[in-house]
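Visitor: Output the structure for:
(one chain, ligands or ions: 1)
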Amino acid sequence: MKILLNNTSLFESLRPFNDLGFVPTMGGIHKGHLSLINKSNKLCKKTIVSIFVNPKQFNNKKDLKSYPTNIKEDLKILKKSKKVDFIYLPKFNDIFKDKKKSKIKLPKKDKILCAKFRKGHFEGVLDVMNKLTKIVKPQKIFMGEKDFQQLYLVKKKLEKKYKTKVIPCKTIRDKNKIALSSRNLLLNKSNLNIAANIYKKLADIKKNIKKYKNISNFLIIKKKELKNNYKIKIDYLELRNKKNLKISKTINNSRLFIAYYINNVRLIDNL
Ligand code: AMP
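Guide: The predicted structure is shown next:
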């Protein structure tokens, strides 16, 4: 496992390879990340993982400051996995060396779900993914369905522009069915219990949804119930088509999307 600390060493090391799988992360490596790495390792000759906490995608300074990072521990886990060939640990200037402001803008139809509640977040994600893809030049990029809207937008943007394929990977959950996330490190035991209960409720809502003619109204009621029962703030609870992310009036080809806060920690899930 070779550690690449700057672009010169990255360009030199990657030059011989033309079957490269790329797993971009912000660190806090967990089994969700490792599942992407495993898939890359199976489908590609070489796998490169990046760890970069991208300040441009944080619409909230406090959130950036509290984002859990532990490079030493991450490197230990990645080395132990024996599935990673290269780790790219860029500095801000390796990625954003040209000071030009990014021109990336989301069209109005994409300003839904997290894009509606986290202003500038996906512009920041698309900016860094655009830059990383230009630098790493991978044949395949592995991304998690846990961040479904991110996966959808990156796929739409990058596959058109570069010769790369974005490969979706299933959400990995812990034994309580909570979606694994680096942010879970910010939750205490009682917070995690609430998240586990919320997952159960969501699974129940999804199971029952087909009984209701007016799904939007049903979800408004359920959102209120979740909010009051668990004393949480909910940004959205919506059923959307998984191909185009339009609001869905039927359960077919659809996923239930939620974003909510426990103890000021913002969690997202979809099922
Ligand atoms: P992050 O480090 O949170 O930016 O995530 C890096 C990549 O790992 C993204 O493509 C995420 O969607 C993916 N990921 C994060 N959590 C999970 C999970 N529980 N299951 C599968 N993929 C995940």
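Visitor: Which parts of this structure are strands?
Guide: 2-4, 20-25, 46-51, 86-88, 140-144, 165-169, 233-241, 254-262, 265-270 (DSSP state E).
Visitor: Please enumerate residues in contact with the last one?
Guide: Judged by Cβ atoms under 8 Å, 6 or more residues apart in numbering, the contacts made with strand 265-270 from elsewhere in the structure are 63, 114, 145-148, 171, 179, 181, 183-184, 186-187, 191, 195, 199, 202, 235, 255-261. (Each C-beta comes from the backbone N, C-alpha and C, glycine too.)
Visitor: List the residues that contact the closest residue to residue 49 other than its chain neighbours.
Guide: Spatially, and ignoring its direct neighbours in sequence, residue 49 is nearest to residue 23 (4.6 Å; Cβ to Cβ, 6 or more residues apart in numbering). Going by Cβ under 8 Å, 6+ apart, residue 23 touches 33, 36-37, 40, 47-50, 141-142.
Visitor: on that earlier part again, looking at the strands of the chain, which is closest to the ligand?
Guide: For the ligand, the closest of those is strand 140-144, at 2.3 Å, according to Cβ to the nearest ligand atom.
Visitor: Quick one: list the elements packing against that closest one.
Guide: Packed against strand 140-144 by the contact rule (3 or more Cβ pairs under 8 Å, 6 or more residues apart in numbering; DSSP states H and E) you find strand 20-25, helix 31-43, helix 148-161, strand 165-169.
Visitor: now those in a markdown table, with distance to residue 227 and mean pLDDT?
Guide: Output for the helices and strands packed on strand 140-144, formatted as a markdown table (distance: least, Cβ to Cβ, whole Å; pLDDT from 0 to 100):
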| stretch | distance to residue 227 | mean pLDDT |
| --- | --- | --- |
| strand 20-25 | 31 | 98 |
| helix 31-43 | 27 | 98 |
| helix 148-161 | 22 | 97 |
| strand 165-169 | 30 | 98 |
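Visitor: Of these, which stretch is the most buried?
Guide: strand 20-25 (a mean of 25; mean count of other Cβ atoms under 10 Å).
Visitor: what's the angle from that strand to helix 31-43?
Guide: Counting by axes from the mean of the first three to the mean of the last three Cα atoms, to 10 degrees, strand 20-25 lies at 170 degrees to helix 31-43.
Visitor: Least confident secondary structure element in this structure?
Guide: None of the helices or strands of the chain scores lower by mean pLDDT, DSSP states H and E than helix 61-66, at a mean of 91.
Visitor: and that one, how far from the chain's centre?
Guide: Relative to the chain's own centre, helix 61-66 is displaced by 17 Å; criterion: Cα atoms, centre = their mean, to the nearest Å.
Visitor: Pull out the buried residues from that helix.
Guide: residue 63 (16 or more other Cβ atoms under 10 Å).
Visitor: can you list contacts of that helix?
Guide: Counting by Cβ under 8 Å, 6+ apart, residues outside helix 61-66 touching it are 53, 55, 58, 186, 266.
Visitor: I'm done for today, thanks for sticking with me.
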